[in-house]
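**Q** Prediction below, plus the sequence it came from.
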Amino acid sequence: MVELIRVPETANGEAVRHKLAQMKAEKVAFELPDGWVELGNTARLRLLQRQAQIQGSEIALITRDEATHRAANQVGIPVFSRPEKAVNGRWHMSPLLPLVDPAQPDAGLPEPPPWRRSDVVNRQARPNLYQARQRRIKAEERYRRPTPLWLRSLSTVVMGGMILFLLIGFAFYVLPASTVTLTPGRQHIVVDVPLSASADLDVPVIEDRLLTARLIETNIEERGSISTSGSQQKPTDKATGSVVFSNLGNTSVRIPEGTVINTSTSPPITFRTVQERELPGGVGSRIDIPIEALEPGFQGNVRANTINTVSGALRFRARVSNPGGTFGGGSQLVQVVTQSDKDALLAQLKEQVEAKAYALLAEELEAGEWLPPEGVQSYVIAQAFDQFDDDVAEQLDLTLRVLVQGVAVPDAEVDEALMLALQEEVPERGRLVANTVTIERRPQAATLGRSVQFTMTAEADYVIPIDPVEVRQQIIGLTPEEASQSLTANWQLDRTPEIYQDPDWLGTLPRFPNRIQVRVEYQEPVALE
């Protein structure tokens with residue numbers, strides 16, 4: 001059973017030892033307060049452990065102090081972080097030094113040498129320095145005797161043979177070297193690269209195919225004309241005739257020139273008098289007055305007895321009628337302006353503006369910029385026609401003002417994006433041939449406000465990569481003919497491999513890879529990594 005003792009914060013190490021001396025338990029666990037460091041060194045713990053050894057007890061500590069924990073481990077005292085582990089656990093104290101018995105202090109010590117033993121019978125004299133030196137001299141004499149001549153000669157011959165064997169092996173296997181020169185073949189690649197250039201982007205993101213751009217614009221004023229295509233009947237002559245006014249009263253009535261009279265038909269046709277006359281007084285008095293239609297055209301030709309209405313206050317004093325019809329009203333076919341004429345002229349001028357727009361915007365380009373033709377946009381600012389719809393005219397004129405915009409793309413960013421796309425298609429350690437790179441722009445670019453999207457096609461040849469390490473492993477120990485056939489079969493080469501051996505003693509390539517040098521020779525002087 002474990003006896004648990006809680007140490008107060010005011011106690012010291014000596015008080016703990018006295019408390020232990022009063023205990024009769026076989027196992028005692030001391031629970032130390034937090035921050036209590038009285039037992040934080042090995043000397044005090046050794047005294048506490050010695051007291052436990054004297055009275056035949058075992059002790060353990062319960063603390064979280066790291067210094068006390070390390071000191072307890074050094075002297076063999078168990079340490080726990082919680083009381084229940086010490087009370088319920090199985091533990092033993094393992095002291096590093098045994099307890100010294102005051103009655104027999106030499107107990108446990110090794111046997112002393114013979115010359116220090118207390119018994120006189122077995123006591124021997126302690127050897128002196130002269131005797132020890134003589135024993136060493138005799139032991140060294142055995143190693144100083146000369147080796148027999150035959151043994152020395154034999155060792156010399158054996159050593160010389162070994163050196164000669166190593167030299168011969170070095171000459172035949174290590175000294176020969178070979179140089180293999182390979183000219184790799186080419187492979188053609190074609191890459192379609194969709195690009196997007198925006199005037200709202202400050203820094204290009206080449207990996208995502210996003211480029212910067214600059215918005216350029218200018219105003220264009222264009223004038224043009226077109227012959228009108230519409231036609232219609234235009235009234236040209238007014239119908240004429242005469243009417244009879246009848247007096248409704250006894251007083252005379254003055255009929256002024258321009259008196260308006262109408263037919264009773266629907267719609268009514270309007271006429272006017274062309275002379276001023278005096279209608280005599282008396283009911284039923286009559287007078288003839290010539291008239292003409294207000295509007296020219298065939299509608300003024302009316303039948304007899306259809307004009308019977310007088311306009312204004314005069315209708316209460318006189319009545320009107322036409323005993324005969326009116327004649328002479330006519331029209332002719334004339335050209336007029338139609339909406340299709342306006343649309344056609346507007347489209348014509350827009351086409352002319354678009355034809356000029358690219359050249360005018362190109363003058364605004366800076367060095368190293370490119371303007372996609374499909375990226376040019378036009379906006380009509382103002383348009384002024386000189387005629388309205390259905391106006392009689394043989395020609396329609398239009399003044400058009402247009403704002404044209406374009407997105408200028410840096411050539412350097414386009415080239416960088418295309419080269420990156422080509423490099424991504426080239427295998428590892430492959431090399432693009434610079435003078436084989438060609439670039440072609442695909443049509444049908446799309447313009448979205450201040451940005452343009454277009455596709456470029458890049459083509460190039462790349463040199464097929466060759467791994468020197470793999471080449472060396474492939475041709476080790478082969479004859480030059482076998483090596484050439486193997487390399488031609490396994491690698492796409494532009495020409496037959498060149499193999500040079502120095503010296504050519506065995507007729508085969510070296511068996512050590514580091515004695516084979518592989519040179520890759522490119523046909524084109526300029527190539528891109």
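**A** Cool, the structure landed.

**Q** make it CA atoms for all contacts and neighbour counts henceforth
**A** OK.

**Q** Read off the pLDDT value for residue 390.
**A** Confidence at residue 390, expressed as pLDDT, is 83.

**Q** I should have written residue 295 there, sorry.
**A** Residue 295 is given a pLDDT of 90.

**Q** Please apply the same query to residue 269.
**A** Looking at residue 269, its pLDDT is 93.

**Q** With the one 4 residues further on instead?
**A** Reading off the confidence values, residue 273 has pLDDT 95.

**Q** for residue 342, same thing?
**A** pLDDT at residue 342 comes out at 90.

**Q** Residue 37 now?
**A** Looking at residue 37, the pLDDT reads 84.

**Q** The residue lying closest to it once chain neighbours are set aside: what secondary structure?
**A** The shortest distance from residue 37 to any non-neighbouring residue, by C-alpha to C-alpha, 6 or more residues apart in numbering, is to residue 68 (6.8 Å). Three-state assignment for residue 68 (DSSP: H, G, I helix; E, B strand; the rest coil): helix.

**Q** Count the residues that sit near residue 68.
**A** Per other C-alpha atoms under 10 Å, the neighbour tally for residue 68 reads 23.

**Q** now the strands: where do they sit in the stretch 251-400 of the chain?
**A** Here the stretch 251-400 of the chain has its strands, by DSSP state E, counting those that start in this stretch, at 253-255, 260-263, 270-273, 277-279, 286-293, 307-310, 318-321, 330-336, 369-370, 377-385, 395-410.

**Q** Least reliable of those strands by average pLDDT, please.
**A** Lowest mean pLDDT within these: strand 330-336, a mean of 82.

**Q** how far is that strand from where the chain is centred?
**A** In terms of C-alpha atoms, centre = their mean, to the nearest Å, the centre of strand 330-336 is found 69 Å from the chain centre.

**Q** got the angle between that strand and strand 395-410?
**A** 10 degrees (axes from the mean of the first three to the mean of the last three C-alpha atoms, to 10 degrees).

**Q** Give me the contact list for strand 330-336.
**A** For strand 330-336, contacts defined as C-alpha atoms under 8 Å, 6 or more residues apart in numbering pick out 228-239, 296-298, 389-394.

**Q** rerun at 10 Å
**A** Applying C-alpha atoms under 10 Å, 6 or more residues apart in numbering, the contact partners of strand 330-336 are 227-239, 296-301, 387-396.

**Q** how about the longest helix seen in the chain: buried residues?
**A** Taking DSSP state H as the criterion, the chain has its longest helix at helix 339-362. Residues 341-342, 345-346, 349-350, 353-354, 357-358, 360-362 are the ones in helix 339-362 that count as buried (16 or more other C-alpha atoms under 10 Å).

**Q** Could you do stretch 408-424 as well?
**A** Within stretch 408-424, the residues that qualify as buried are 408, 409, 410, 413, 414, 417, 418, 419, 420, 421, 422, 423, counting by 16+ other C-alpha under 10 Å.

**Q** Can you show me the CA trace of the helix or strand that contains the fifth one as PDB?
**A** When elements are assigned from DSSP states H and E, residue 414 belongs to helix 411-425. Presented in PDB, the C-alpha positions along helix 411-425 are these (Å, rounded to 0.1, in the frame of the first residue of the first chain):
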ATOM      1  CA  ASP A 411       3.500  41.900 -80.300                       C
ATOM      2  CA  ALA A 412       6.000  40.900 -77.600                       C
ATOM      3  CA  GLU A 413       3.300  39.500 -75.300                       C
ATOM      4  CA  VAL A 414       1.700  37.600 -78.300                       C
ATOM      5  CA  ASP A 415       5.100  36.100 -79.200                       C
ATOM      6  CA  GLU A 416       5.800  35.200 -75.500                       C
ATOM      7  CA  ALA A 417       2.400  33.500 -75.200                       C
ATOM      8  CA  LEU A 418       2.900  31.500 -78.400                       C
ATOM      9  CA  MET A 419       6.400  30.500 -77.500                       C
ATOM     10  CA  LEU A 420       5.200  29.300 -74.100                       C
ATOM     11  CA  ALA A 421       2.500  27.300 -75.800                       C
ATOM     12  CA  LEU A 422       5.000  25.700 -78.100                       C
ATOM     13  CA  GLN A 423       7.400  24.900 -75.200                       C
ATOM     14  CA  GLU A 424       4.500  23.200 -73.300                       C
ATOM     15  CA  GLU A 425       4.100  20.800 -76.300                       C
END
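
**Q** So what touches it?
**A** Residues contacting helix 411-425 (C-alpha under 10 Å, 6+ apart): 189-197, 204-213, 367-371, 426, 430-432, 437, 439, 456-462, 528-529.

**Q** Mean confidence (pLDDT) on that helix, please.
**A** In this model, helix 411-425 carries a mean pLDDT of 91.

**Q** and the closest residue in space to residue 521 that isn't next to it in sequence, how many neighbours?
**A** Nearest residue to residue 521, sequence neighbours excluded (C-alpha to C-alpha, 6+ apart): residue 183, at 5.0 Å. As a burial measure, residue 183 scores 20 neighbours (other C-alpha under 10 Å).

**Q** cool, and residue 519?
**A** Neighbours of residue 519 (other C-alpha under 10 Å): 14.

**Q** cool, and residue 246?
**A** Residue 246: 22 neighbours (other C-alpha under 10 Å).

**Q** quick one, phi/psi of it?
**A** Here is the backbone geometry of residue 246 (degrees, to the nearest 10): phi -120, psi 130.

**Q** and if you look at the one 3 residues further on?
**A** Torsion angles at residue 249 (phi, psi; degrees, to the nearest 10) stand at phi -130, psi -170.

**Q** Pull the number of nearby residues for it.
**A** 16.

**Q** do you know how far it is from residue 309?
**A** 17 Å (C-alpha to C-alpha, to the nearest Å).

**Q** thinking again about what came up before, filter the contacts of strand 330-336 down to the buried ones, PyMOL style.
**A** In PyMOL, this line selects whichever of these come out buried by 16+ other C-alpha under 10 Å:
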select buried, resi 228+229+230+231+234+235+237+238+239+296+297+298+299+300+301+387+392+393+395+396
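
**Q** So what sits opposite the nearest residue to residue 80 once chain neighbours are set aside in the bridge?
**A** Nearest residue to residue 80, sequence neighbours excluded (C-alpha to C-alpha, 6+ apart): residue 62, at 4.8 Å. For residue 62, the beta-bridge partners are residue 31, residue 80 (DSSP bridges).

**Q** on that earlier part again, quick one, which of the strands of the stretch 251-400 of the chain is nearest to residue 478?
**A** Ranking the strands of the stretch 251-400 of the chain by their distance to residue 478 (criterion: C-alpha to C-alpha) puts strand 395-410 first, at 55.0 Å.

**Q** CA-only coordinates of the closest one in CSV, if you can.
**A** Coordinates of each C-alpha in strand 395-410 appear next as CSV, following Å, rounded to 0.1, in the frame of the first residue of the first chain:
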residue,chain,number,x,y,z
GLN,A,395,-31.3,62.2,-104.9
LEU,A,396,-30.9,61.6,-101.2
ASP,A,397,-27.8,63.0,-99.3
LEU,A,398,-26.4,62.0,-95.9
THR,A,399,-23.8,63.3,-93.6
LEU,A,400,-22.5,60.7,-91.2
ARG,A,401,-20.2,61.0,-88.2
VAL,A,402,-18.7,57.8,-86.7
LEU,A,403,-16.5,57.0,-83.8
VAL,A,404,-14.2,54.0,-84.5
GLN,A,405,-12.3,52.1,-81.9
GLY,A,406,-9.7,49.4,-81.9
VAL,A,407,-7.7,47.3,-79.4
ALA,A,408,-3.9,47.5,-79.9
VAL,A,409,-2.1,44.3,-78.7
PRO,A,410,1.7,44.2,-77.9
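
**Q** Run the angle between it and strand 377-385 for me.
**A** Orientation of strand 395-410 against strand 377-385 (the same axes, to 10 degrees) gives an angle of 160 degrees.

**Q** how many degrees apart are strand 395-410 and helix 339-362 in direction?
**A** Angle of strand 395-410 versus helix 339-362, following the same axes, to 10 degrees, is 30 degrees.

**Q** Could you check how far strand 395-410 is from the centre of its chain?
**A** With C-alpha atoms, centre = their mean as the basis, strand 395-410 stands 36 Å off its chain's centre.

**Q** pLDDT score assigned to the spatially most central residue of the chain?
**A** Taking C-alpha atoms, centre = their mean, the centroid of the chain lies closest to residue 208, which sits 3.7 Å from it. Residue 208 is assigned 92 on the pLDDT scale.
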